[in-house]
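> What follows is a protein structure lacking sequence information:
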Ligand code: AHG
Ligand code: MN
Ligand code: MN
Ligand code: MN
């Protein structure tokens, strides 16, 4: 006889956040509220993404962002939705996003936090029904409350993040975040409209057998990166690459793998953006026992100088990153 379907019992994201309010950074309840606001924005974007094929919101908008990328309609919709949710929530004084050149002021100058976001990650997957995501990174402002936030609030460096996370709109929608006390994941239950704790204290496998890189760029990589990839092939590892950092990172985090975005002539500093792609993923990785580096240092130690700066990134299971580091050492 058939097994009983498991009912979505368990801890909702709201309850989980409340239970952890004892931790010092939650004491005032403001960060808790901010995380709930982000979850709400995630639900709204999830709704838009789900109906994307039916209404006229797929495809290009005909505009480009500050980085010269063609904006997709959903890039801009997600951007608007996210900003609105954070404005209404009241806990954030300023935002930077991939889709806007400068700081966005929410009008809540008294608020304690600033947020950097990639509202819609993996834009090239929108029209073809493949996984996309949202990435966020949160700092406590360094400027006094009641004043206007400045660049300084955003350029504190990866180690100063107080929270970071992502939402993956995949075969199910899942929100994964850390506040520096481990990583937890919450799966969205559509009919109830709630995120439920589905992966407690996520830990990366020590080692893995998946490598994720845009191998079409292989000929442009430095020889030591090429040698590492050739070794992955020789060992018959699985090559998996969606082209959406959130999806690629999430798979590797659960199954054990490495994601690489090395520099290329087209992107001499690497393609991914430090503040709203590399830093938050690196924070989550470290909290899950994985590692994130570029050729020089840990990603979290890279010095931020501008909002949209790019950085190369190698992120994944600790043993895989350590092996890659051996190849970097050989470069002389
Ligand atoms: P975004 O859609 O937010 O601009 O990010 C795209 C990024 C990242 O998600 C992905 O891993 C990478 O670009 C893919 O780049 P390639 O197409 O060059 O492989
Ligand atoms: Mn983009
Ligand atoms: Mn992105
Ligand atoms: Mn994006």
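That came in fine, so what should we check first? On a predicted model such as this, the values are computed, not experimentally measured, just so you know. Ligands and ions are numbered 1, 2, ... in the order given.

> Could you use CA atoms for every contact and neighbour count after this?
Fine.

> Now residue 287: closest residue in space that isn't a chain neighbour?
residue 182 (5.1 Å; Cα to Cα, 6 or more residues apart in numbering).

> phi, psi of residue 248?
Backbone torsions of residue 248, given as degrees, to the nearest 10, read phi -70, psi -40.

> Pretty sure the residue nearest to residue 287 sits against residue 201.
Yes - using Cα atoms under 8 Å, residue 182 makes contact with residue 201 at a distance of 5.7 Å.

> what do the two both touch?
Here residue 182 and residue 201 have residue 288 as joint contacts, going by Cα atoms under 8 Å, 6 or more residues apart in numbering.

> any idea how far ligand 4 is from residue 19?
Remark: distance between residue 19 and ligand 4 (Cα to the ion, to the nearest Å) = 32 Å.

> And the helix or strand where that residue lies, what's buried?
Assigned by DSSP states H and E, residue 19 belongs to helix 13-19. For helix 13-19, the neighbour count (16 or more other Cα atoms under 10 Å) marks 13-14, 16-17 as buried.

> try stretch 179-190
By neighbour count on 16+ other Cα under 10 Å, the buried set for stretch 179-190 is 179-180, 182-188.

> swap in stretch 302-319?
Buried residues in stretch 302-319, counted by 16+ other Cα under 10 Å: 302, 304, 307-319.

> And it, end to end?
Stretch 302-319 stretches 21 Å from its first residue to its last (Cα to Cα, to the nearest Å).

> go on, stretch 153-162?
For stretch 153-162, the end-to-end distance is 12 Å (Cα to Cα).

> Go ahead and measure how far it is from the middle of the chain.
15 Å (Cα atoms, centre = their mean, to the nearest Å).

> Check the model's average confidence along that stretch for me.
Average pLDDT, stretch 153-162: 98.

> List of residues touching it?
For stretch 153-162, the surrounding residues in contact (Cα under 8 Å, 6+ apart) are 114-116, 137-143, 179-180, 275, 279-280, 283, 299-307.

> rerun that using 6 Å as the cut-off
138-139, 141-142, 179, 279, 300, 304 (Cα atoms under 6 Å, 6 or more residues apart in numbering).

> just the buried members of those residues?
Neighbour counting by 16+ other Cα under 10 Å classes 138-139, 141, 179, 279, 300, 304 among the contacts of stretch 153-162 as buried.

> how about the one helix or strand residue 233 maps to: buried residues?
Per DSSP H and E: residue 233 is located in helix 223-234. By neighbour count with 16+ other Cα under 10 Å, helix 223-234 contains the buried residues 224-226, 228-229, 232.

> Stretch 318-332 now?
318-321, 324-325, 327-328.

> mind putting the contacts of stretch 153-162 in CSV, pLDDT and distance to ligand 1 included?
Listed next are the contacts of stretch 153-162 as CSV, based on pLDDT from 0 to 100; distance: Cα to the nearest ligand atom, whole Å:
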residue, pLDDT, distance to ligand 1
138, 98, 18
139, 98, 20
141, 98, 25
142, 98, 27
179, 94, 23
279, 98, 13
300, 98, 18
304, 98, 19
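
> Among the residues you listed, which one lies nearest to ligand 4?
The shortest approach to ligand 4 among the contacts of stretch 153-162 belongs to residue 279, at 14.6 Å (Cα to the ion).

> got the contact list for that closest one?
Contacts for residue 279 (Cα under 6 Å, 6+ apart) come out as 158, 300.

> just the contacts of stretch 153-162 now: which is nearest residue 97?
Proximity of those to residue 97 (Cα to Cα) peaks at residue 138, which lies at 12.1 Å.

> Contacts only, for residue 316.
Residue 316 neighbours (Cα under 6 Å, 6+ apart): 257-258, 290-291.

> and it, bridged to which residues?
Residue 316 forms beta bridges with residue 258, residue 291, as assigned by DSSP bridges.

> Look up how far ligand 4 lies from it.
As for residue 316, its distance to ligand 4 is 21 Å (criterion: Cα to the ion).

> So that residue versus residue 249, what's the distance?
Taking Cα to Cα, one finds residue 316 at 8 Å from residue 249.

> do residue 126 as well
For residue 126, the distance to residue 249 - Cα to Cα - is 18 Å.

> circling back: quick one: which of the contacts of residue 316 has the most company?
Among the contacts of residue 316, the one with the most neighbours (other Cα atoms under 10 Å) is residue 257, at 32 neighbours.

> show me what contacts that residue?
Residues in contact with residue 257 (Cα under 6 Å, 6+ apart) are 208-211, 316-317.

> Break down the stretch 1-150 of the chain into its strands, ranges please.
60-64, 70-72, 92-97, 104-105, 113-121, 132-140 (DSSP state E, counting those that start in this stretch).

> which other helices and strands contact the fifth one?
So that's strand 113-121. Applying 3 or more Cα pairs under 6 Å, 6 or more residues apart in numbering; DSSP states H and E, we find strand 113-121 packed against helix 73-89, strand 92-97, strand 132-140.
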